[in-house]
Structure formats: structure tokens, C-alpha cells
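Colleague: got a structure for you, letters missing:
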């Protein structure tokens, strides 16, 4: 997939639709909080991907319209709130300490 603003918009639309579906699932499962739904990890991974894609667009010097730039900033702010939920990509589970594993798995 060639990097482009159009592809970024498609990814953003996917994330927004997925967020609506995740909320509906939480309601259907008895009104559980989104923070307690296992799908939150996937949503965080998708958001991380979108933020990184936006950063690559910026670095490539591609012309970005003001509305898309605003969306990029919004996604970056949202990602800051869920960054601890993303799947680790630097360290395999078997190399983690118990504390790191519990944090990743959100075990209290």
C-alpha cells in the first residue's frame, strides 16, 4: 500500500467505525466499561498504526489538508491515553518480568 493521505483517511474511517462497534459490543454485553473489554488492546494497536502512518506522511513531506492534520492531532492525543495497552513489539513475553507481563495483560 503506497503511503497517501487517501489511505490515511481510510484507516481513520476504519478506526472510527470500529470504535462505534466496540462501544455497541460493550453495551450488548451488559454495559461493561470499554476499559474492561478485551478488544481495547486491538483498538490500541490500530490507533498506534494510524498515528505512525500519519507521522510517516508528515516526514514524507506530503501535502496534508488542515482537516486531516486536525484528525492526526486528535488521534495522537487519543493514543497518549492508551499507549500502555499496545502489544509490545520490542520484547517477547518470555523475556518480560512478572511486573511487565501483568502491566501488559492489565492484571491487578
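Modeller: Cool, the structure landed. All values reported here derive from a predicted model rather than from experimental measurement.
Colleague: max-length helix in this protein?
Modeller: Ranked by number of residues, the top helix in the chain under DSSP state H is helix 5-28.
Colleague: give me the neighbour count for residue 75.
Modeller: Using other C-beta atoms under 10 Å, the number of residues around residue 75 comes to 21. Backbone N, C-alpha and C define where each C-beta goes, glycine included.
Colleague: for residue 48, see how far away it is.
Modeller: Look at residue 75 and residue 48: by C-beta to C-beta, to the nearest Å, they are 10 Å apart.
Colleague: quick one: residue 83 from residue 27, how far?
Modeller: 26 Å.
Colleague: do the same with residue 62
Modeller: Residue 62 is 38 Å from residue 27, by C-beta to C-beta.
Colleague: out of the helices and strands in this structure, which is least certain?
Modeller: Every helix and strand in the chain was compared by mean pLDDT, DSSP states H and E; the lowest is helix 98-105, with a mean of 77.
Colleague: got the buried residues for stretch 9-21?
Modeller: Under the neighbour-count criterion of 16 or more other C-beta atoms under 10 Å, stretch 9-21 has 11, 12, 15 buried.
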